[in-house]
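[1] Kindly generate the corresponding structure for this input.
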Amino acid sequence: MTRTRRDIIPFLFLIIPLIIYIVWVIAPMIYTFYLSLTNWNGLTTPEFIGFKNYQKLFNDKVFYISLKNNFKWLGAFITVPVILGLGLAMILNGTIPGEKLYKMTFYLPMVLAMVVSGLIWGWLYHPKGGLINTVIVATGLVEKGPGWLSNRDIVLWSIIIVAIWRQVGYVMVLYLAGLKSINPHLIEAATVDGASGWQTFWRIILPLLTPVTIIVLVISVIDSLRAFDLVSVMTRGGPANASSVLANFMYIESFNNYKMGYGAAIAVILFIISLGFIIIYLWRVMKDELEY
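    Residues are numbered from 1 along each chain as shown. Next comes the predicted model:
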């Protein structure tokens with residue numbers, strides 16, 4: 001076998017996966033870009049209208065509400081789950097009684113499907129018979145609990161709390177894996193040199209967890225931008241679009257209002273935002289690799 005044929009063989013094994021990727025990912029993505037330039041109800045032939053969908057979108061107040069809500073979701077996701085997940089990982093990384101039970105308990109919400117989590121918390125948030133309001137009223141501090149999913153001021157944060165409840169356990173597991181990879185001799189050396197627990201964490205453990213932190217942040221960004229299930233199950237974007245996010249807005253316009261072209265334009269904007277974060281991530285990774 002010649003060297004040229006031997007070099008080609010590995011690429012032959014990539015042909016089928018590449019074809020599948022093109023058919024199921026690249027082609028639909030390109031078609032979505034095309035649909036965003038059309039007026040289509042999902043049944044008739046798409047009518048090319050240029051950038052009119054984008055002009056309408058940038059003058060749509062629901063779009064800006066949804067975009068703002070996505071960034072609120074993003075801000076909450078890259079702070080609260082990261083801090084809580086890291087804190088839990090630090091606590092459960094040692095040997096404490098019931099360690100495995102605690103790990104399982106905190107990770108359990110991730111096992112539940114988003115729809116199931118939304119339904120469970122929808123019952124908990126029920127204004128009259130829900131567990132949360134029942135406990136609040138039982139304390140005697142208030143006569144009537146708030147409408148968690150009907151109050152425009154708190155509805156989005158009520159849903160974000162559910163998302164954080166699911167995400168914390170996942171982040172904890174990632175950080176636990178990172179902590180297991182740290183050489184314990186480094187920690188012992190710091191202790192011998194007289195470093196306090198905080199100094200050891202801040203100057204040794206946290207820098208060594210940087211690769212894990214980057215992965216956690218990327219996952220958090222992606223999860224926050226594709227938020228849909230909880231919003232759809234718990235409020236469908238209401239009340240008055242107060243909890244709407246881009247993915248939910250896209251779904252309603254496409255499948256409820258039969259504006260497929262308009263929904264495709266929303267999808268393109270969501271893709272561009274996601275792509276921006278991905279480019280920043282790849283640039284940072286490549287920069288670190290070159291420096292290394």
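
[2] so where's the stretch 151-292 of the chain uncertain?
    Applying pLDDT under 70 to the stretch 151-292 of the chain flags the ranges 285, 288-292.

[3] just the helices in it please.
    Secondary structure of the stretch 151-292 of the chain by DSSP state H, counting those that start in this stretch: the helices cover 155-180, 184-192, 197-200, 206-208, 210-225, 229-234, 246-251, 260-291.

[4] Throw those helices into JSON lines and include distance to Asn70, thanks.
    To be clear about C-beta, it is placed using only N, CA and C from the backbone, and glycine gets the same treatment. JSON lines is the format used below for these (distance: least, CB to CB, whole Å):
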{"stretch": "helix 155-180", "distance to Asn70": "10"}
{"stretch": "helix 184-192", "distance to Asn70": "39"}
{"stretch": "helix 197-200", "distance to Asn70": "35"}
{"stretch": "helix 206-208", "distance to Asn70": "28"}
{"stretch": "helix 210-225", "distance to Asn70": "6"}
{"stretch": "helix 229-234", "distance to Asn70": "10"}
{"stretch": "helix 246-251", "distance to Asn70": "5"}
{"stretch": "helix 260-291", "distance to Asn70": "8"}
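
[5] who wins for proximity to Gly98 among those?
    helix 155-180 (15.3 Å; CB to CB).

[6] Check which residues of the closest one are buried.
    Using 16 or more other CB atoms under 10 Å as the test for burial, helix 155-180 gives 155-156, 158-160, 162-176, 178-179.

[7] of all the helices of the stretch 151-292 of the chain, which lies closest to Lys52?
    Across those (criterion: CB to CB), the nearest stretch is helix 260-291, sitting at 8.8 Å.

[8] How far off centre is that closest one?
    14 Å (CA atoms, centre = their mean, to the nearest Å).
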